[in-house]
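Colleague: Predicted model and sequence below, questions to follow.
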Amino acid sequence: MPVQIEQVQSSAQLREFAAVPWRVYEQDPNWVPWLYFERLDFFNKKKNPFFEHAEADYFIARRDGDAVGVIAAILNHRHNEFQQENVAHFGVFEVMNDREAALALLDAACAWARNRGVDRIVGPMNLSTNDECGTLIEGFDRPPVVLMTYNPPYYLDFLEEAGFEKAIDLLAWIANLNDLVENMPAKLQRVVGRVKQRYGLHVRPVDMKNWDAEIQNIKKIYNSAWERNWGFVPMTDHEIEHLAANLKMILDPALLFMVEHAGEAVGFSLTLPDVNQPLGRIRPGPSLFSSYLGAGRLLLQRYHTDLVRVLALGVMIDFRARGVDALLYYETAKAAAQRGYKWAEASWILETNDSMNRSIELVGGEVYKKYRIYEKHLIQR
């Protein structure tokens, strides 16, 4: 039977849309499932604050009535305003090893974007650069860590056959915490000591008792630190508060740090336990009952992992190039090792972010995974 593409228009279709990855990765031991109820809320345009400034449509590819793939076509008005671009995005691209279905889904997203008069379509973004993004192109032998993407290698062939080209690569670094702490480079220790003394910096754990005030500090630093990065879109207050509420359930407070100068917050780092490890063992299915049961088990096991992910590390522009990022990596490594974690992933880092990549290399990191953002020009160049 030929492939048919349908647009999601009902709650029943949305439930089916959200469940397709369980079919795609049924036999893949490295895939880590989401919590199904969380995915439904994430895609719900009335619940996700992303849709206060963006629009999207979801598509399902069917063969002989069965859903064999999905994709989202996205128009992020806040992105276009901030970056002064005229682009659409695609994301949530999941498909069986079915060339016809994959090309039909990508073509549907491109057609949707053309109808809105944009110049290019960029992705995958699930649903923006503030969420999961990128197609895995190296490092298929290990499961993804928390809030990172995973996909079969054949996605690369489908994207390139559909006319997509590289926009930029994202790097994931890995470091052995025990080796790092026991063999802390003398240069790094000198840098850290000099940075604190020379610039009058104070490092402290995030104060969980004053969570709302700390979130205000993070908002200020986040939107200053990343504003010049490729693809950056400042998060709204509602988006940051929504994300913070979700992350608070899985945080290890010992791994959150704030850097202050004269009592003002100028840098922060947010590191998460890799809850994908227990989630991969629990493997909740695509049903509300299974996902709620899985969430309860996950909360009990959220620290049963030997890996952490440095999710975000930001420094105010006025304090760039002063070693503050190395200072935060140093404090995070020490704290994580003391908590019994063995490995740390720093991700994702733009391949063009030379300063950050040098800092991670300085503390003993190695690139072990790469992800790619693709683009396709929709208007003849």
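Modeller: Received the coordinates, thanks.
Colleague: which residues does the spatially most central residue of the chain contact?
Modeller: For the chain, the residue nearest the mean C-alpha position is E132 (3.2 Å; Cα atoms, centre = their mean). Contact analysis of E132 by Cβ atoms under 8 Å, 6 or more residues apart in numbering lists 126, 147-149. Using the backbone N, CA and C atoms, a C-beta is placed for each residue, glycine as well.
Colleague: try 6 Å this time
Modeller: Counting by Cβ atoms under 6 Å, 6 or more residues apart in numbering, E132 touches 126, 147, 149.
Colleague: pretty sure the first one contacts G91?
Modeller: Yes: here N126 lies in contact with G91, judged by Cβ atoms under 6 Å, at a distance of 4.2 Å.
Colleague: tally of neighbours for L293?
Modeller: Using other Cβ atoms under 10 Å as the criterion, L293 is surrounded by 14 other residues.
Colleague: The closest residue to it other than its chain neighbours: neighbour count?
Modeller: Spatial nearest neighbour of L293, excluding adjacent residues (Cβ to Cβ, 6 or more residues apart in numbering): P284 at 6.9 Å. For P284, the tally of surrounding residues (other Cβ under 10 Å) stands at 21.
Colleague: likewise N115?
Modeller: Neighbour tally, N115, other Cβ under 10 Å: 10.
Colleague: What's the per-residue pLDDT of it here?
Modeller: Looking at N115, its pLDDT reads 96.
Colleague: Do I have it right that A101 meets F93?
Modeller: No: using Cβ under 6 Å, A101 is not in contact with F93; the gap is 11.0 Å.
Colleague: Now do the helices in the protein.
Modeller: Taking DSSP state H, the helices of the chain run over residues 11-24, 36-43, 77-83, 99-114, 154-161, 177-182, 186-199, 211-225, 237-248, 276-282, 288-301, 324-338, 354-362.
Colleague: Other residues contacting stretch 357-376?
Modeller: By Cβ under 6 Å, 6+ apart, stretch 357-376 touches 120-122, 134-139, 159, 163-164, 166-175, 180, 188, 325-326, 329, 346, 349.
Colleague: which of these count as buried?
Modeller: Buried subset of those (neighbour count, 16 or more other Cβ atoms under 10 Å): 120-122, 134-137, 159, 164, 168-175, 180, 188, 325-326, 329, 346, 349.
Colleague: Can you give me the buried ones in the worst-scoring helix or strand of the chain on mean pLDDT?
Modeller: Using mean pLDDT, DSSP states H and E, the weakest-scoring helix or strand in the chain turns out to be helix 186-199, at a mean of 76. Under the neighbour-count criterion of 16+ other Cβ under 10 Å, helix 186-199 has 188, 191-192, 195-196 buried.
Colleague: Then stretch 96-109?
Modeller: Within stretch 96-109, the residues that qualify as buried by neighbour count (16+ other Cβ under 10 Å) are 96, 98, 101-106, 108-109.
Colleague: Now flag whichever of the residues you listed is closest to R62.
Modeller: Looking at these and their distance to R62, the nearest is A101, at 8.4 Å (Cβ to Cβ).
Colleague: ok, the closest one to V20 distance?
Modeller: 11 Å (Cβ to Cβ, to the nearest Å).
Colleague: same deal with L272?
Modeller: 26 Å.
Colleague: Looking at these two, which has the bigger crowd around it?
Modeller: Shown here are L272 and V20; by other Cβ under 10 Å, L272 has more neighbours (24 against 21).
Colleague: Does the more buried one touch R309 like I think?
Modeller: Yes: with contact defined as Cβ under 6 Å, L272 reaches R309; the gap is 5.2 Å.
Colleague: Next, show the common contact partners of the two.
Modeller: V146.
Colleague: Give me the pLDDT for I174.
Modeller: Looking at I174, the pLDDT reads 96.
Colleague: hang on, isn't it packed against E345?
Modeller: Yes: using Cβ under 6 Å, I174 is in contact with E345, at 5.4 Å.
Colleague: remind me which residues of the stretch 251-381 of the chain are low pLDDT?
Modeller: 380-381 (pLDDT under 70).
Colleague: And the chain, what are its domain boundaries?
Modeller: What automatic domain parsing lists as the domains of the chain is 3-170, 174-370.
Colleague: Nearest to H377, out of those domains?
Modeller: Smallest distance to H377 across the domains of the chain (Cβ to Cβ): 5.3 Å, for domain 3-170.
Colleague: what about the nearest residue to N48 once chain neighbours are set aside, neighbour count?
Modeller: Distances taken as Cβ to Cβ, 6+ apart put F42 closest to N48, at 5.7 Å, once the chain neighbours are dropped. Look at F42: counted by other Cβ under 10 Å, it has 18 neighbours.
Colleague: How about K46?
Modeller: Neighbour tally, K46, other Cβ under 10 Å: 6.
Colleague: Return the distance of it relative to E38.
Modeller: 15 Å.
Colleague: what's the answer for F59, then?
Modeller: To E38, F59 is 21 Å away according to Cβ to Cβ.
Colleague: More neighbours: these two, which one.
Modeller: Taking neighbours as other Cβ under 10 Å, F59 and E38 compare with F59 leading, 24 against 14.
Colleague: Report the contact partners of the more buried one.
Modeller: 5, 7, 71, 108.
Colleague: Could you dump the domains of the chain into TSV and include distance to H377?
Modeller: Shown next, in TSV, are the domains of the chain (distance: least, Cβ to Cβ, whole Å):
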stretch	distance to H377
domain 3-170	5
domain 174-370	17
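Colleague: follow-up on the earlier one: of the contacts of F59, just say which sits nearest to N276.
Modeller: Distances from N276 to the contacts of F59, taken by Cβ to Cβ, are shortest for I71, at 23.4 Å.
Colleague: What score does the residue nearest to the closest one when sequence neighbours are not counted have for pLDDT?
Modeller: Once flanking residues are discounted, I71 sits nearest to L105: 4.2 Å by Cβ to Cβ, 6+ apart. Note for L105: predicted pLDDT of 98.
Colleague: cool, P185 as well?
Modeller: 66.
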